[in-house]
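J.: sequence and predicted model, in that order:
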Amino acid sequence: MKEDSALEVERIAQSLALARAEKPAYSNLYPFLESLLTIRAEVKGTIALDPLDISPEGVRTRWEAGFPLLNRWDFPIDIQAAEAVLRHMEEHLPAENIQLREACSLLSSSLAEHGEEREAIWKSFLHHEMEPWEEWIDTTRTDAASLLFAARCCLRPSIEWTADDLLARFPLPQSWHKGYCPICGSLPSLLYLAGLGENRGYCSWCGAQWGMNRLQCPYCDNRYHESLGYLRVETEPHYRVNYCNLCKYYFKQIDTREFLYPPCFPLEEWTTLHLDLLAQRSGFRQAPSPSPTAYGNDLS
């Protein structure tokens, strides 16, 4: 795992160097993103978790029935790893990002005040349909979006570690073409084209990747080309926004087939914010992270 972590840190540095040259409009974000992505990769290499006890038969049964292997709140977490990321974020956040600094400070102080419940506090941020962290954290002192972002950034190394371990032990069958992640049932934060034009998803929750149909809305599974379309910026031929006229959600897509190096998808999420703006100005909505198929339609 440490070797994988070192390779990931190298890939992050490589991707950031390219982004700085090709997307200078995001220059104010790069110092923070470099610090955040690097510490998450380094911490992931130190994760101390036991692999989940799940049988090959159980995996096969769930995937054949179209179910993900886990619910989002079932992921084990390494609280030492999470708190290492939190400390790093507090030390390296830009001074001008007051809301995120306040969220990190509030989370840190709440963990200190409720030392015996640290694991419960961290696990509360794995939920999406309720806000159990309010039992320990005074949310009137910060905005919910900043608090969720900070906490889930800290949990991401543990979540990715489990997803990586499961996919290493149980290779995903080629027959899985759902619009949601086979590990956790979340929707993709990015779509990308690879190989001979295969459309793939990058999970918004655990970072898993899987194959999808070329024409498919991940949210509502619409596959009728008459109601699916895309938006594009002429100066960025490798990037576009796929949209669905039935559910009105959109997903950003990257054509990686001519990339010299594998993309760093967490970085691409940030450096394509202008595509979010383009889609939303055109009347389309950003999809929630949990898939309605896997978690029901009442999503928060």
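T.: Received it, and whenever you're ready, just let me know what you need.
J.: so for this structure, the centremost residue is which one?
T.: For the chain, the residue nearest the mean C-alpha position is residue 204 (3.0 Å; C-alpha atoms, centre = their mean).
J.: you'd agree that residue is up against residue 191?
T.: No. Using C-beta atoms under 8 Å, residue 204 is not in contact with residue 191; the gap is 11.2 Å. Bear in mind the C-beta positions are built from the backbone N, C-alpha and C, glycine included.
J.: quick one on the thing from earlier: so for the residue nearest to the centre of the chain, what pLDDT did the model give?
T.: pLDDT, residue 204: 95.
J.: in terms of pLDDT, where does the residue lying closest to it once chain neighbours are set aside sit?
T.: Excluding its sequence neighbours, the residue lying closest to residue 204 (C-beta to C-beta, 6 or more residues apart in numbering) is residue 189, at 3.6 Å. At residue 189, the predicted lDDT confidence score is 97.
J.: again, but for residue 82
T.: For residue 82, the pLDDT comes out at 97.
J.: that one: neighbouring residues, count only.
T.: Neighbourhood size, residue 82 [other C-beta atoms under 10 Å]: 25.
J.: next one: residue 93 from residue 99, what distance?
T.: 10 Å (C-beta to C-beta, to the nearest Å).
J.: more neighbours: these two, which one.
T.: Neighbours per residue, other C-beta under 10 Å: of residue 93 and residue 99, the larger number sits with residue 93, 19 against 14.
J.: tell me the contacts of that one?
T.: Residue 93 sits next to 32, 100-101, 104 when contact means C-beta atoms under 8 Å, 6 or more residues apart in numbering.
J.: gap between it and residue 85?
T.: In terms of C-beta to C-beta, residue 93 sits 12 Å off from residue 85.
J.: next one: residue 249
T.: From residue 249 to residue 85 the distance is 30 Å (C-beta to C-beta).
J.: what do you get for residue 147?
T.: Counting by C-beta to C-beta - residue 147 and residue 85 are separated by 15 Å.
J.: now swap in residue 186 and tell me
T.: On the measure of C-beta to C-beta, residue 186 and residue 85 end up 20 Å apart.
J.: likewise for residue 254?
T.: Distance, residue 254 to residue 85, by C-beta to C-beta: 26 Å.
J.: swap in residue 181?
T.: For residue 181 relative to residue 85 (C-beta to C-beta), the value is 22 Å.
J.: the more surrounded of these two?
T.: Here residue 181 and residue 85 are compared on neighbour count by other C-beta under 10 Å; more neighbours surround residue 181, at 31 against 23.
J.: so which strand or helix has the more buried one?
T.: Under DSSP states H and E, no helix or strand contains residue 181.
J.: is it true that it touches residue 207?
T.: No. With contact defined as C-beta under 8 Å, residue 181 does not reach residue 207; the gap is 9.1 Å.
J.: buried set for the host helix or strand of residue 38?
T.: Take DSSP H and E as the rule and residue 38 turns out to sit in helix 30-44. Applying a neighbour-count criterion of 16 or more other C-beta atoms under 10 Å, one finds 30, 32-44 buried in helix 30-44.
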